[in-house]
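Trainee: 3D model of this:
(one chain, ligands or ions: 1)
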Amino acid sequence: MSAGTGGPDSGPENGPENSPSTATGWLVIAGLGPGDAALITPEVQAALDQATDVVGYFPYVARVAERPGLTLHGSDNRVEVDRALAALRLCAGGRRVVVVSSGDPGVFAMAAAVFEALETGPADWAGMDIRVLPGITAMLAAAARAGAPLGHDFCAINLSDNLKPWALIEKRLRLAVEGDFAMAFYNPRSRSRPEGFGRALEILRAAAGDDRPVIFARAVSRADENLRVVPLSQATAEMADMQTVVIVGASNTRLIDRPDGLPFVYTPRKVEA
Ligand code: SAH
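Mentor: All right, here's what the predicted structure looks like:
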């Protein structure tokens with residue numbers, strides 16, 4: 001596997017290890033960022049420009065411009081490993097494949113699914129040209145909008161219990177408060193899981209008290225972006241949906257009020273002994 005530093009002029013096909021005479025298929029697992037096209041890295045854009053196939057969940061594939069010679073393969077959300085296997089097969093057949101995720105592909109997204117599929121496939125697949133290209137993950141885009149809430153130690157927790165037991169989520173919430181991390185919550189609430197986020201808020205209030213600032217950052221960098229900052233005592237489950245990333249401050253996270261609009265939220269870098 002090549003390291004592929006990439007950049008606007010050095011897409012996956014152009015590395016010295018991949019001269020045109022030996023060019024074969026490649027597979028790039030790329031993050032499209034939180035929504036705004038300006039937050040797609042040049043490296044990811046170069047891979048998309050050279051791809052023959054783009055594979056991913058429908059709404060993410062829809063963010064890639066159609067062009068002659070490019071086949072878009074959109075699929076449903078719950079078939080990640082099947083989708084990854086299909087992408088690996090295309091690569092093995094000599095295609096130039098980009099598997100797309102929103103945000104960063106390694107954060108609750110397709111990169112791990114591709115490696116899971118790779119482990120189950122033929123052993124020689126591991127020798128294929130497979131690379132992961134980072135993207136701007138939702139919590140970092142949201143944190144930047146709010147100020148610097150993740151300026152000290154923090155953790156990220158996926159609140160969906162589709163792929164893990166709810167009891168493990170509760171345990172991690174309690175331990176994250178005990179460790180005094182700022183916390184970023186992905187997949188806070190969906191129609192099929194309406195209850196969990198309310199329970200998560202109760203656990204957080206019991207462990208951390210009422211005053212922690214909570215940032216509800218919805219559709220960050222998209223046309224319908226919306227940010228709210230409330231104390232934990234006023235946070236309700238209805239404030240979040242599947243397009244929201246929620247950030248809860250650590251014990252020393254502070255607000256700087258502004259004359260109009262949202263306060264800045266930041267966590268100082270230094271904690272006294
Ligand atoms: N790989 C993605 C995360 C996929 S999980 C990433 O790195 O960002 C999907 C969850 O990400 C959503 O439920 C939401 O919590 C969060 N998310 C993705 N895009 C977002 C955006 N533009 N604004 C707010 N939250 C977002």
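Trainee: which residues does the residue of the chain at minimum distance from the ligand bridge with?
Mentor: Residue of the chain nearest the ligand, by CB to the nearest ligand atom: residue 103 (1.9 Å). C-beta here means a position set from N, CA and C on the backbone, and glycine is covered the same way. Counting by DSSP bridges, residue 103 is bridged to residue 33.
Trainee: then residue 99?
Mentor: Counting by DSSP bridges, residue 99 is bridged to residue 29, residue 55.
Trainee: can you tell me the closest non-neighbouring residue to residue 147?
Mentor: For residue 147, ignoring the flanking residues on the chain, the nearest one in space by CB to CB, 6 or more residues apart in numbering is residue 264 at 3.7 Å.
Trainee: and for residue 130?
Mentor: Spatial nearest neighbour of residue 130, chain neighbours left out: residue 27 (4.7 Å); criterion: CB to CB, 6+ apart.
Trainee: which strands or helices does the strand or helix carrying that neighbour pack on?
Mentor: Assigned by DSSP states H and E, residue 27 belongs to strand 26-31. Under the contact criterion of 3 or more CB pairs under 8 Å, 6 or more residues apart in numbering; DSSP states H and E, strand 26-31 touches helix 42-50, helix 80-92, strand 96-101, helix 110-120, strand 129-133.
Trainee: now the shortest one: buried residues?
Mentor: Applying a neighbour-count criterion of 16 or more other CB atoms under 10 Å, one finds 129-133 buried in strand 129-133.
Trainee: quick revisit: wait, the residue nearest to residue 130 sits on residue 115?
Mentor: No: the criterion here is CB atoms under 8 Å, and residue 27 misses it with residue 115 at 11.1 Å.
Trainee: how about the residues of this protein that lie near the ligand?
Mentor: Applying CB under 6 Å from any ligand atom, one finds that the chain approaches the ligand through 34-35, 101-104, 107-109, 137-138, 142, 186-187, 217-222, 242-245.
Trainee: now, those that are in strands?
Mentor: Using DSSP state E, the subset of the residues of the chain next to the ligand located in strands is 101, 186, 217-218, 244-245.
Trainee: now list the buried members of the residues of the chain next to the ligand.
Mentor: Buried subset of these (neighbour count, 16+ other CB under 10 Å): 34-35, 101-104, 107-109, 137-138, 142, 186-187, 217-221, 243-245.
Trainee: from one end of stretch 182-201 to the other, what's the distance?
Mentor: 14 Å (CA to CA, to the nearest Å).
Trainee: next one: stretch 138-157
Mentor: Stretch 138-157: ends 12 Å apart by CA to CA.
Trainee: report the buried residues of it.
Mentor: Those would be 138-152, 154, 156-157, for stretch 138-157 by 16+ other CB under 10 Å.
Trainee: check stretch 56-64 too.
Mentor: Quick answer for stretch 56-64 (16+ other CB under 10 Å): 56-57, 60-61, 63-64.
Trainee: what sits up against it?
Mentor: 32, 37, 48, 54-55, 70, 72-77, 83, 98-102, 110 (CB atoms under 8 Å, 6 or more residues apart in numbering).
Trainee: and if we set it to 10 Å?
Mentor: With contacts defined as CB atoms under 10 Å, 6 or more residues apart in numbering, stretch 56-64 is touched by 29-33, 35, 37, 40, 48, 51, 54-55, 70, 72-80, 83, 87, 98-103, 105, 109-110.
Trainee: how far away from the center of its chain is that stretch?
Mentor: Put simply, stretch 56-64 sits 14 Å off its chain's centre (CA atoms, centre = their mean, to the nearest Å).
Trainee: end-to-end on that stretch?
Mentor: 11 Å.
Trainee: again with stretch 182-192
Mentor: Stretch 182-192 end-to-end distance (CA to CA) = 27 Å.
Trainee: stretch 92-107 now?
Mentor: Distance across stretch 92-107, first residue to last, is 25 Å (CA to CA).
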